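K.L.:
Structure for this input, please:
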Amino acid sequence: MKFSKKGSMQLSIEAIIILVIAMVLLGLGIAFISGFFKTGTTKLMEPFDDIQFGCSPTATDPLKTTPSQISVKAGDQQKVRFCYYTSQELYKAKVEFKNCVCTEAACMNKKPTLIAPEVPHIDRADIGKFDSFLKAVDGADLTPANYICTVAIKGSATSTGSVNEVETAQITIAVT
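P.N.:
Residues are numbered from 1 along each chain as shown. From the prediction side, this is the model:
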């Protein structure tokens, strides 16, 4: 039996093309699977974020903070997460201080400031997370004392409705 060199050359070119296509498909498959698992891992870890940060409000206790004991140095700021469990759908949700009262007489009407972004939409029976900054500065450094602040969650029942207060809670802030 006699082999022709032309046929064997054609066979090797086809083998190279098939090998290149197989490598490309293998690379695409690996990229897809790794992206799929990366997205899946992120989605899987979302419910555990609340446990990790200790911020797990319920229907009976709808507003929690992390850290639960808030302490900040005068003239400084601290990251505080407010978590709100909503029993209804909420749009344009925001958190703010309604009022703050100082436990010391020397406070002179100064109070901590809260900087928090608006959360565009919170689904019914979901947890809205407000990553905020608490500043212990009001023009000048605050007097070291305990401040009892009423935190208000505001939002709208519809995307075009007016923003109303839906929940309030009191927190204590220790300024050192």
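K.L.:
Helices of this structure, start to end?
P.N.:
Taking DSSP state H as the criterion, the chain contains helices spanning 5-52.
K.L.:
Can you give me the pLDDT of the residue nearest the centre of the chain?
P.N.:
Centroid-nearest residue in the chain: Lys129, 5.5 Å away (criterion: CA atoms, centre = their mean). Lys129 carries a pLDDT value of 73.
K.L.:
Also Gly29?
P.N.:
pLDDT recorded at Gly29 is 93.
K.L.:
Just give me the neighbour total for Arg81.
P.N.:
Using other CB atoms under 10 Å, Arg81 is surrounded by 18 other residues. To be clear about C-beta, it is placed using only N, CA and C from the backbone, and glycine gets the same treatment.
K.L.:
cool, and Leu90?
P.N.:
Residues within reach of Leu90, counting by other CB under 10 Å, total 25.
K.L.:
One more: Gly155?
P.N.:
When neighbours are counted by other CB under 10 Å, Gly155 comes out with 25.
K.L.:
bridging residues for it?
P.N.:
Here Gly155 sits in beta bridges with Asn164, as judged by DSSP bridges.
K.L.:
nearest spatial neighbour of the residue nearest to the centre of the chain, skipping sequence neighbours?
P.N.:
Spatially, and ignoring its direct neighbours in sequence, Lys129 is nearest to Cys83 (5.5 Å; CB to CB, 6 or more residues apart in numbering).
K.L.:
Hmm, that neighbour is touching Ser68, no?
P.N.:
No - Cys83 is beyond contact range of Ser68, at 10.9 Å (criterion: CB atoms under 8 Å).
K.L.:
How many neighbouring residues does Ser34 have?
P.N.:
Other residues within reach of Ser34 by the criterion other CB under 10 Å amount to 10.
K.L.:
hmm, I was thinking of Leu142
P.N.:
The criterion is other CB under 10 Å. On that basis, Leu142 has 26 neighbouring residues.
K.L.:
again with Ala152
P.N.:
Ala152 is flanked by 17 other residues according to other CB under 10 Å.
K.L.:
Next up, the contacts around it.
P.N.:
Each residue near Ala152 by CB atoms under 8 Å, 6 or more residues apart in numbering is listed here: Val95, Glu96, Phe97, Lys98, Glu165, Glu167, Thr168.
K.L.:
So what pairs up with the closest residue in space to Leu63 that isn't next to it in sequence in the strands?
P.N.:
Once flanking residues are discounted, Leu63 sits nearest to Ala169: 4.2 Å by CB to CB, 6+ apart. For Ala169, the beta-bridge partners under DSSP bridges are Val151.
K.L.:
Many thanks, we can stop here.
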